[in-house]
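Colleague: sequence and predicted model, in that order:
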Amino acid sequence: MKLLKCRVCSMPNGLMSFWDEVEEAAVYHVHLIIGDLNKRQENGRILIDEEKFSEIALVDVQREFKYHSFTDLAAIQFGSFRGTTDRDSGLSYYIVVEAEDRTGKIIAKSDRIKGIVKDIANAVNGLASGVYLWNGLNQNCLKT
């Protein structure tokens, strides 16, 4: 199976992924996954388990398109979760893209790419009036 080159960029309360074209692809499957390290505090120590992954969305994208945006996502990677005082919650978003041919076979797949969602209510571009300024893709694109 070929490695599908993919990038994931932060956007206000969301993630955008885009990838290289696979000529034989009939459809692309875009998976949104949450990774959970089960980060918690016990007896004054922060404990972390092996990361577990849960798919929360699967979107089929027609072959003519080589991007997808997930919107209305919370900034889950920050905050105090499970009693920890650490700013890192142990939760992360990941995106995986697969290319499927006309016979239903997966012919290319990206690595699992971590994306960081920025909360526009607390971001530099956020304005108190609820109007937000956005200058397009930022420099926080992660790629394979």
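Modeller: Received the coordinates, thanks.
Colleague: alpha carbons only for contacts and neighbour counts from here, please
Modeller: OK.
Colleague: could you point out which residue ranges in the protein have low pLDDT?
Modeller: Residue ranges of the chain with pLDDT under 70: 78-88, 120-144.
Colleague: where's the residue of it most remote from its centre relative to Leu37, distance?
Modeller: Distance from the centre of the chain peaks at Asn43, with 32.5 Å (Cα atoms, centre = their mean). As judged by Cα to Cα, to the nearest Å, Asn43 and Leu37 stand 18 Å apart.
Colleague: again, but for Arg45
Modeller: 15 Å.
Colleague: out of those two, which sits in the busier spot?
Modeller: Leu37 (16 against 9; other Cα atoms under 10 Å).
Colleague: quick check: that one touching Leu47?
Modeller: No. With contact defined as Cα atoms under 8 Å, Leu37 and Leu47 do not form a contacting pair (9.0 Å).
Colleague: which residue, other than its chain neighbours, is closest to Tyr93?
Modeller: Ranked by Cα to Cα, 6 or more residues apart in numbering and with sequence neighbours excluded, the top spatial neighbour of Tyr93 is Ile34, at 4.7 Å.
Colleague: ok, now which ones touch that neighbour?
Modeller: Contacts for Ile34 (Cα atoms under 8 Å, 6 or more residues apart in numbering) come out as 53-56, 91-94.
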